[in-house]
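In: okay, sequence plus prediction incoming.
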Amino acid sequence: MSAKQKAVDDIKKLGRMLKGMIDVAEELEQMGSLEQAHKEAVDRVESFKSVEAKAKCAMSEAEASLAAVCAKASEVEANATATAQAILKDAHEQADGVINSANADATAALKAASIKKGSIELECIAARNELVSVQTKIVGEQAVLDDLRKQLTALRERLGV
């Protein structure tokens, strides 16, 4: 394989690595990483565009000096690989952090809702018990009222009123 062809292959590898990083950034965005993760992904893409521009420059230099380009391409590939691995690790850590935070928030919200639900249920039970008690008193008072009305009616009949 010629040195030019190796340089082309190295540049294509770098391009595939860059595409993989863009895919990771898109996945983070789809996972709900919000604007901060999106901004970081865009920043990473810009960083890789800069690396890509350097690689294209190295390709141009390869036409002038084949040996120098092969050495530079190897260096760029190693740096890109290390950078890509670091970015992937960071992206996964950030995604895990966002997921863990969201899970913690959801758990706390569910716990608070459960506590509130329990409190409301207890209030409902107390209100129902009070309602039953009031209804029972009303029934008793209604019976007393009915007796008083009967007595009043009997008294009116006796008095002729």
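Out: The structure has been received and is ready for your questions.
In: quick one, longest helix in this protein?
Out: Taking DSSP state H as the criterion, the chain has its longest helix at helix 66-159.
In: for that one, the averaged confidence score.
Out: Computed over helix 66-159, the mean pLDDT rounds to 89.
In: what packs against it?
Out: Packed against helix 66-159 by the contact rule (3 or more Cβ pairs under 8 Å, 6 or more residues apart in numbering; DSSP states H and E) you find helix 3-30, helix 34-64. C-beta: built from backbone N, CA, C; applies to glycine.
In: nearest to Ala73, of the ones you listed?
Out: Comparing these against Ala73 with Cβ to Cβ, the closest turns out to be helix 3-30 (4.2 Å).
In: in that closest one, what counts as buried?
Out: In terms of neighbour count (16 or more other Cβ atoms under 10 Å), helix 3-30 has its buried residues at 3, 6-7, 10-11, 14, 17-18, 21, 24-25, 28.
In: what is the nearest of those to Ile138?
Out: Distance ranking of the buried residues of helix 3-30 against Ile138, using Cβ to Cβ, places Leu28 first at 64.1 Å.
In: look at that closest one and report its pLDDT.
Out: According to the prediction, Leu28 has pLDDT 58.
In: ok, now Asp10?
Out: Note for Asp10: predicted pLDDT of 80.
In: next, count neighbours for the nearest residue to it once chain neighbours are set aside.
Out: If the residues on either side of it in the chain are set aside, Asp10 comes closest to Ala73, at 4.2 Å by Cβ to Cβ, 6 or more residues apart in numbering. The burial count assigned to Ala73 is 24, neighbours taken as other Cβ atoms under 10 Å.
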